[in-house]
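Asker: I'd like to go over a predicted model; first the sequence, then the structure.
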Amino acid sequence: MKETSIVDYAQQTANKLALRFRAIGLFIGLVLAIVYSVYHHFSVADTVLNVAKTNLAQSIQIGGTYYQARLASSMIKTEVFEHVWIFDSSKELIVREGNKIDSIPSESLWERRFYVKDFWPYALIKSKVSYHGEHTGTLFVSYRIPLIKSFVILCLITSIFLMLSYYIKTRILNMGQNIASPVYSFMTTLEESLRDNKFANKKKGRSFKELVKFETWLRDFFIQAKKSEKVARKALADAQTAKIASQVRHDIQGALMIANSALNNINEHNDEVRILKASLDRVKSTIQDIPKIANLDDKDIQGIIECPKQVVIEEKLESCHLLSIITQVVSDMSLTNNNISFTYDISKESERSYIKVNYKRFERVLFNLYKNAVEAIKESGEITTRLFIKEDSVILQIEDNGKGMPQEVLVKLGQKGVSFGKSNGTGLGVYDAFEQFDKWNAGIDYATIENKGTTVSLRFDIAKENPLFPSEILIPEESTVIILDDDPSVHESWRQRFKSLDGNNIEYYFFDSPEEAKASINNLQEMNREFIFLGDYDLRSNETDGIKFIKDNKLNDQSILVTSSLDSVLDECRTLKIPVISKSIQSSIDIHTIL
């Protein structure tokens, strides 16, 4: 954009505005002149003509020319009309009146609308004369087009707008000069202040509040300059800490890859291996919160120093099947805590409840809450999980019979650093739970009795069902169910579940080999048979897994992935729209047949 002074800009603006005003004035003058001419034609000429026709009709019918001649002469004397012609019904001229009317041939009137006489234009009006519905004659009148009056109107309106444009232009120029004067004075003072490294005393003449406010802000900016040095040093330290955290993230990821690879090479099917894999998945999910700035260089650090703002990452929420997450976490906890009895008290209507949270984040929060309950029990005890519906909300309660907490600790729960009964406790788990539940518009509440136990109650709004996390398995009658899992115990578990569906003409095929399962599916597709595929993710195969098998065979709409490694497959299932359930609810999920 080209630089310009305030005065020059004001002059340019004034010239443009004045030009527009003049053009508008000329346009309005032309419009008013035309309106006047039209008004003169219809309002004056037609009114007189209507009167003449009323008086003329009967006299033409009677005959003679005396009355017609007097009427024509009267019309001329009104000075509205220049010439008058009266014809009978056979187009014979009866009367004509007007100045130099002989120079206008009467025969030419029937085809004309205008004519020129003595270099002046005249408008010609033709009107039929009727008496009791019978045509008795024709009246022609002409009047001089009022060019002079129209021109006067045009000149008057244009002159008014010219004076207005001149006035506005003058006012804008004066205003520009009035604004420029104190600005120039302020700029001079500012240059002197910067040259002397201090602000000069306020001079008279700088009266604009905006300039005074800007000067005050600038003065404060210089005063705060040294304080900014401290902020910059802190930002530098934070950036270096983040860089170290990123490197730690990288190293942990490398170690997790090695550990996960080693677990995949173990061909045994036992709970310990599953727990290790679930724990590794949970660690991988946790370290995602460490900022991805491994390549942070000095330029990036300088940017953080100059703009030390906290980065807020928007959390993606989705509708999740609550019972699936609960049973997965409880299953993992129970296998490593044999001294504790884990029990359920779940109402029927709450089994299919969905809540809107971040799946992985909520699973970590829930794991920490159960871990706190386990750690509150000294030797042996019981943890009861209750799930029920109350007032359009779903309530989850985790109750333990551990050591409880004193009231002075209870009132501080949710604050950063508050912990009880742990030698190395940080309180971050409960603090994070309160923070996350606030973000999710959910509720968390603690009730405790010292030496008797603690109950944590979680309240959620009920969300819509999400096809990604089925709460029931629907099998069409007279269809086929294909089960693919490398663990024989899983096959047996499915057989027990399917016994309740006997008599519905449903066939079941169990496979531990992806190749055999694929051959059976191809056969069903060739016969155009309806089927549903229930497959594990970890098939102990170097060539394929459950997701790849579904994707390669285009079974997305006919499959449900059943896995104990839900954390590690969730993102891919979400992308491919493959429904997934946890093996922890395999023994309890509702199974129904449909027509």
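Answerer: Sure, I can see it. All values reported here derive from a predicted model rather than from experimental measurement.
Asker: Any regions of the stretch 1-150 of the chain where pLDDT drops low?
Answerer: The model of the stretch 1-150 of the chain has pLDDT under 70 over residues 1-2, 44-45, 47-49, 51-55, 58, 61-62.
Asker: can you give me the helices for it?
Answerer: 6-39, 46-62, 66-77, 147-196 (DSSP state H, counting those that start in this stretch).
Asker: Dump the ones you listed to a markdown table, plus mean neighbour count and distance to T384.
Answerer: For glycine as for every other residue, the C-beta is placed from the backbone atoms N, C-alpha and C. Listed next are the helices of the stretch 1-150 of the chain as a markdown table, based on neighbours: other Cβ atoms under 10 Å; distance: least, Cβ to Cβ, whole Å:
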| stretch | mean neighbour count | distance to T384 |
| --- | --- | --- |
| helix 6-39 | 15 | 78 |
| helix 46-62 | 16 | 100 |
| helix 66-77 | 17 | 113 |
| helix 147-196 | 15 | 73 |
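Asker: quick one: which of the ones you listed is nearest G402?
Answerer: helix 147-196 (68.5 Å; Cβ to Cβ).
Asker: what helices or strands is that closest one leaning on?
Answerer: Packing partners of helix 147-196 (3 or more Cβ pairs under 8 Å, 6 or more residues apart in numbering; DSSP states H and E): helix 6-39, helix 209-223.
Asker: how about those in TSV, adding distance to A373?
Answerer: Supplementary listing: the helices and strands packed on helix 147-196 in TSV, determined by distance: least, Cβ to Cβ, whole Å:
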stretch	distance to A373
helix 6-39	72
helix 209-223	54
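Asker: For I101, find the nearest of those.
Answerer: helix 6-39 (23.7 Å).
Asker: Need the pLDDT of the closest residue to L595 other than its chain neighbours.
Answerer: In space, and not counting its chain neighbours, L595 is closest to E477: 6.0 Å by Cβ to Cβ, 6 or more residues apart in numbering. Looking at E477, its pLDDT reads 89.
Asker: My guess is E477 contacts I532. True?
Answerer: No. If you go by Cβ atoms under 8 Å, E477 and I532 don't touch, sitting 11.9 Å apart.
Asker: Which one's more surrounded, the two?
Answerer: The neighbour comparison of E477 against I532 (other Cβ atoms under 10 Å) goes to I532, with 18 against 13.
Asker: how close does that one get to D538?
Answerer: 20 Å (Cβ to Cβ, to the nearest Å).
Asker: right, and S150 touches S37 too?
Answerer: Yes. Taking contacts as Cβ under 8 Å, S150 lies within contact range of S37: 5.6 Å.
Asker: Y354 contacts L468, doesn't it?
Answerer: No. Taking contacts as Cβ under 8 Å, Y354 lies outside contact range of L468: 10.4 Å.
Asker: What score does C155 have for pLDDT?
Answerer: Confidence at C155, expressed as pLDDT, is 88.
Asker: Now do the contacts for it.
Answerer: G29 (Cβ atoms under 8 Å, 6 or more residues apart in numbering).
Asker: returning to what we had before: pick out whichever of Y354 and L468 has more residues nearby.
Answerer: Just comparing Y354 and L468: by other Cβ under 10 Å the higher neighbour count belongs to Y354, 22 against 18.
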